[in-house]
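Engineer: Output the structure for:
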Amino acid sequence: KIDRGDYVFFILPKKSKHPQTIFGYLQVRDIVTHDDAFNDSELRSKRMANKNPNGNIIVDESGRYNCFDRGVHKSIFKKIKERYVIGNAVGSRFLTRSEIQSLAPDFVKVLRRILGKGGRRPIDLISRYGCKLSESQVAEFLKWVDKSADEHRAKA
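Structural biologist: Numbering: from 1, shown residues only. Got it, this is the predicted structure:
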């Protein structure tokens, strides 16, 4: 559902070691197949293997399902292998532990305001599968995240 230039926001799960809030965002630079991603030397670290953390390129060197995915995505492999998202490093950001903790108290309130919805928990507002934001909503959310995180860093 995403295209080049779009943003993807990453939200911590309810049961994480940090409060449930945003922990990063990625601007989409390109979308390729998993076969193309596997053969891209810049993405070598993203290949799945017997390692931790594991990669997220779901094909092996022959373009088949990678056994190191351990069956998790096997039933939807044909669909997944057609779209691999590559991020734009300049338009992406992953927050530090202290930035995450500083954003958490206002996260739901900001989501309610930007989305124009009611709800007490992130899942009430964005669902388990996420939600699509307008360009103005993306701009507003990016402004809040970056301003709040930068202010927190300046205080530290």
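Engineer: how about the helices in the chain?
Structural biologist: For the chain, the helices defined by DSSP state H cover 34-38, 77-80, 97-115, 122-126, 135-155.
Engineer: Not counting its own residues, what contacts the second one?
Structural biologist: When contacts are defined by C-beta atoms under 8 Å, 6 or more residues apart in numbering, helix 77-80 is touched by residues 34, 58, 65, 73. Using the backbone N, CA and C atoms, a C-beta is placed for each residue, glycine as well.
Engineer: Please apply the same query to the last one.
Structural biologist: Taking C-beta under 8 Å, 6+ apart as the criterion, the residues outside helix 135-155 that touch it are 7, 9, 22, 25, 93, 95-96, 98-99, 102-103, 106, 110, 114-115, 133.
Engineer: List the buried residues in stretch 98-105.
Structural biologist: Residues 99-100, 102-104 are the ones in stretch 98-105 that count as buried (16 or more other C-beta atoms under 10 Å).
Engineer: Make CSV out of those and add pLDDT and distance to Ala149.
Structural biologist: Putting the buried residues of stretch 98-105 into CSV (pLDDT from 0 to 100; distance: C-beta to C-beta, whole Å) gives the following:
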residue, pLDDT, distance to Ala149
Glu99, 93, 4
Ile100, 93, 9
Ser102, 92, 7
Leu103, 94, 7
Ala104, 94, 12
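Engineer: show me the residues around Leu111 that make contact.
Structural biologist: Neighbouring residues of Leu111 by C-beta under 8 Å, 6+ apart: 117, 119, 122, 125-126.
Engineer: what does Met48 give?
Structural biologist: Per C-beta under 8 Å, 6+ apart, neighbours of Met48: 54-58, 60, 66, 68-69.
Engineer: Please apply the same query to Asp106.
Structural biologist: Residues near Asp106 by C-beta under 8 Å, 6+ apart: Ser148.
Engineer: Would you mind stating the distance between it and Arg112?
Structural biologist: From Asp106 over to Arg112 the distance is 10 Å, taken as C-beta to C-beta, to the nearest Å.
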